[in-house]
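>>> Next come a sequence and a model predicted from it.
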Amino acid sequence: MLTKWLCRGFIILVFSFMVNLSRVTPSDALETLWYNGDWNSGMYSNWYWPPGSCIVYDDFEVTDSNGWIIEAVWSNVALRVESEVTQAFWEIRGGISEGNGGTLLYGGIDVVTKEATGRSIIGDPEYSLKISGLNISLPKGHYWLAVAPVFDYTSSGNFTALVGTMGLNAVGSPAGNNANSFLNWPGKFFEATPVFPHDFSMGVEGRISIPEMTPTATITDITSPAAVTDLEVINVETASLHLTWTAPGDDGNSGTAVEYDIRYLSLPITEENWDVAILVSGEPSPGQANTSETMLIPNIDFAATYYFAMKTADEAGNWSNLSNVVSSKAESVVVYPNPYLKDLGSNPIIMFSNLPRKATIRIYTMDGKLVTVLKPQAVAAGGSRAWDISEISSGVYLFAVVSEEKKQTGKISIIK
């Protein structure tokens, strides 16, 4: 079930879930396997309470070749009224990247122990919030952790924030200094670095696996290829065209993927209509990440307009998110979904794809009132921009895409 929550002006999609975990009695010899560091750099809102949750994820490395057995996770928070917090929300994910929440591995809402650190963060006492009694086997690899207190912030004067760090007294890797944390957004995960350019104080306890132990879970390849973002139409000929794009990798933008799936349709392609889009045959085998790829699409009827998009798979069957969408009429900006219908369950986003270089997008009401401006980004021609319409009312709107190369106008319908 997908639920919209508000985080300091941001609209966030959070996945409600149930995860079954085996439990053990915590060992007396628990070891701090990773700790991002003590507070020495600001803080950021971090709590769980529908409909106003705000969840922050930060990364850690399982460095031992035999993996780790994790028995506790925690975060350090500034907490004004600690008696109101008795539970915490937590997750461990793999494969998070910009716009991709990766794979949920473990998580839940559990009773939390609270221990005062003795520090005060801008006037509020700091506590360590710990979830104990876990028995999670993680192989060597890269993961993200979130631990957030559960309390009703709407009916109290309480305040909580995840404290920031730059690696003071850190343990393990990365040592609180790589700025690789993420925040939620509608249907996506976004880098926290532009908002908060540091790391966050959290950690894990447990023990290093030994070869004789049977892990409670086997995880092989959990990282999907990155989505193609620069799909472009070039060399439009009498009855054919060429597509070009930059190859993603097997894991994000690293390595070599194993398969492309390119499809077309007579209307802009979305995740909702991807399954009914027409398969293109003869896709090339993926090259190494960041190499240039091209493909000839023959027998195109230019009396009609077709839209193209693609996905990429790795050898473990992990598929990327949908690429940007381009049109057989290469000069046209593609706007989708248009109309936007809330009843179809789409994320509250309208995409502008196949944009000219450094394009500015202005949205107006039908009587000419400016609604918003999507400013230029330094992207190549054929790039995409998203318009968040979660706070936009139903109606018909005008858009104008303006660049040094051209101008295109049109209408967008929003039905909520």
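Done, it's in.

>>> Need the pLDDT of L104.
We have a pLDDT of 91 for L104.

>>> any weak-confidence spans in the stretch 251-400 of the chain?
Low-confidence segments of the stretch 251-400 of the chain (pLDDT under 70): 302-303, 330-331, 345, 378-382.

>>> hey, where'd the helices end up in it?
Counting by DSSP state H, counting those that start in this stretch, the stretch 251-400 of the chain has no helices to list.

>>> For it, which segments count as strands?
259-265, 278-279, 292-297, 307-313, 326-327, 334-336, 340-341, 349-355, 360-365, 370-374, 383-388, 395-402 (DSSP state E, counting those that start in this stretch).

>>> buried set for the helix or strand G410 falls within?
Counting by DSSP states H and E, the element that carries G410 is strand 407-415. Neighbour-count burial for strand 407-415, counted by 16 or more other C-beta atoms under 10 Å, picks out 408, 412, 414. C-beta here means a position set from N, CA and C on the backbone, and glycine is covered the same way.

>>> partners of the last one in the sheet?
I take that to be I414. Beta bridges link I414 to Y340, G395, judged by DSSP bridges.

>>> check contacts around L33.
By C-beta atoms under 8 Å, 6 or more residues apart in numbering, L33 lies in contact with 62, 68, 70, 171-172, 203-208.

>>> Just the buried positions in the longest strand along the chain, please.
Counting by DSSP state E, the longest strand found in the chain is strand 124-138. Along strand 124-138, these residues count as buried under the neighbour rule (16+ other C-beta under 10 Å): 124-132, 134, 136-138.

>>> Could you tell me how far whichever helix or strand comes after that strand lies from the centre of the chain?
Where DSSP H and E defines the elements, the next helix or strand beyond strand 124-138 is strand 141-150. Centroid displacement of strand 141-150 relative to its chain, using C-alpha atoms, centre = their mean, to the nearest Å, is 14 Å.

>>> What of stretch 286-296?
Worked out by C-alpha atoms, centre = their mean, stretch 286-296 lies 24 Å from the chain centre.

>>> same question, stretch 259-275
Using C-alpha atoms, centre = their mean, the offset of stretch 259-275 from its chain centre is 21 Å.

>>> so the residue nearest the centre of the chain is in which element?
Central residue check for the chain by C-alpha atoms, centre = their mean: the C-alpha nearest the mean position is that of F189, 2.2 Å away. Using DSSP H and E, F189 sits within strand 188-191.

>>> which strands and helices sit next to that strand?
When contacts are defined as 3 or more C-beta pairs under 8 Å, 6 or more residues apart in numbering; DSSP states H and E, strand 188-191 packs onto strand 182-185.

>>> so what does the strand it packs on touch, helix or strand wise?
So strand 182-185, by 3+ C-beta pairs under 8 Å, 6+ apart, packs with strand 2-7, strand 10-15, strand 56-62, strand 188-191.

>>> comparing the ones you listed, which gets the lowest mean pLDDT score?
Note on these: strand 10-15 shows the lowest mean pLDDT, a mean of 28.

>>> right, and the helix or strand after that one?
strand 31-35.

>>> which pair in the contacts of L33 spans the largest distance?
The span of the contacts of L33, defined through C-beta to C-beta, is set by G203 and I208 at 15.4 Å.

>>> more neighbours, those two?
Higher neighbour count among G203 and I208: G203, with 25 against 15, using other C-beta atoms under 10 Å.

>>> which residues does the more buried one bridge with?
Here G203 shows beta-bridge partners Y35, W74, assigned using DSSP bridges.

>>> for the one 5 residues further on, same thing?
In this structure, I208 bridges to W68 when assessed by DSSP bridges.

>>> surely it meets I70?
No. Applying C-beta atoms under 8 Å as the test, I208 and I70 come out as separate, 10.7 Å apart.
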